[in-house]
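S.K.: A structural model of the following input is requested.
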Amino acid sequence: MKSTEIEISISEQKLFLLDNKSVIKTYLISSSKHGEGSKVNSFKTPLGKHVVKRKIGKDMPLGARFIGRSFSGEIYPIYDSDEVLVEDDVVQSRILWLDGLEDGINKGEGVDSYSRYIYIHGTPEEWLLGSKASKGCIRMSNKDVIELFNLVEEGIPVTINK
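M.R.: Purely as a prediction, here's the structure:
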């Protein structure tokens, strides 16, 4: 699948896995509740062209919690309603770490997606998928992010559109 790519639509809150420009999978996501943008510390989701620079979490169990991109040893609960307030932006199950490709837009000083730790990752707040809820990352259901992780390779193009 070397012509495989990922497109993310902020307006639809969906991630599309494409092969030869045809959609082969569609996933519900959550982008930033703070909107779109690339500035460091803005907690916004960066737009534009990226690649998956690193895949982290292969063979970790469903719900595995990552802190600083390392498995914390904790299997964090996954919720399907707002029964519990999740204080943190918990990174769960898998990480697809994005690297921006456009200088001054999502790459370089003050706007760099990679140094901002922008990921596609699982979330315990699955009931929020389909609405803007993250602190900049692209959140997915844990089962979906594991499936996507297994379908793509490092270096796959990722385009984030409004």
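S.K.: For stretch 147-158, buried residues please.
M.R.: Applying a neighbour-count criterion of 16 or more other C-beta atoms under 10 Å, one finds 147-149, 152, 156, 158 buried in stretch 147-158. Backbone N, C-alpha and C define where each C-beta goes, glycine included.
S.K.: now do stretch 25-36
M.R.: Of the residues in stretch 25-36, those buried by neighbour count under the rule 16+ other C-beta under 10 Å are 27-32, 36.
S.K.: cool, stretch 70-83 as well?
M.R.: Within stretch 70-83, the residues scored as buried using 16+ other C-beta under 10 Å are 76, 78-79.
S.K.: Turn these into TSV, including pLDDT.
M.R.: What follows is the buried residues of stretch 70-83, written out as TSV (pLDDT from 0 to 100):
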residue	pLDDT
Y76	94
I78	89
Y79	84
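S.K.: ok, what's across the strand from the residue nearest the centre of the chain?
M.R.: The centroid of the chain falls nearest to I120 when counting by C-alpha atoms, centre = their mean (1.5 Å). When bridges are taken as DSSP bridges, the partners of I120 come out as L96, I138.
S.K.: isn't it right next to C137, touching?
M.R.: Yes - contact criterion C-beta atoms under 8 Å: I120 and C137 qualify, at 7.0 Å.
S.K.: re the thing from before, let me know the closest of the buried residues of stretch 70-83 to N20.
M.R.: Here the nearest of the buried residues of stretch 70-83 to N20, counting by C-beta to C-beta, is I78; it sits at 33.5 Å.
S.K.: In space, what's closest to that closest one - neighbours in sequence excluded?
M.R.: Setting aside the residues directly before and after it, I78 is nearest to P124 in space (C-beta to C-beta, 6 or more residues apart in numbering), at 5.2 Å.
S.K.: Distance check, the one you found against D88.
M.R.: 9 Å (C-beta to C-beta, to the nearest Å).
S.K.: More neighbours: these two, which one.
M.R.: Neighbour tally, P124 and D88, criterion other C-beta atoms under 10 Å: the higher count belongs to P124, 23 against 10.
S.K.: Confirm for me that that one is in contact with Y79.
M.R.: Yes - here P124 lies in contact with Y79, judged by C-beta under 8 Å, at a distance of 5.5 Å.
S.K.: wait, what's in contact with the residue nearest to Y117 when sequence neighbours are not counted?
M.R.: For Y117, ignoring the flanking residues on the chain, the nearest one in space by C-beta to C-beta, 6+ apart is W97 at 7.3 Å. Shown here is W97, whose contacts under the criterion C-beta atoms under 8 Å, 6 or more residues apart in numbering are 52-56, 69, 114, 117-119.
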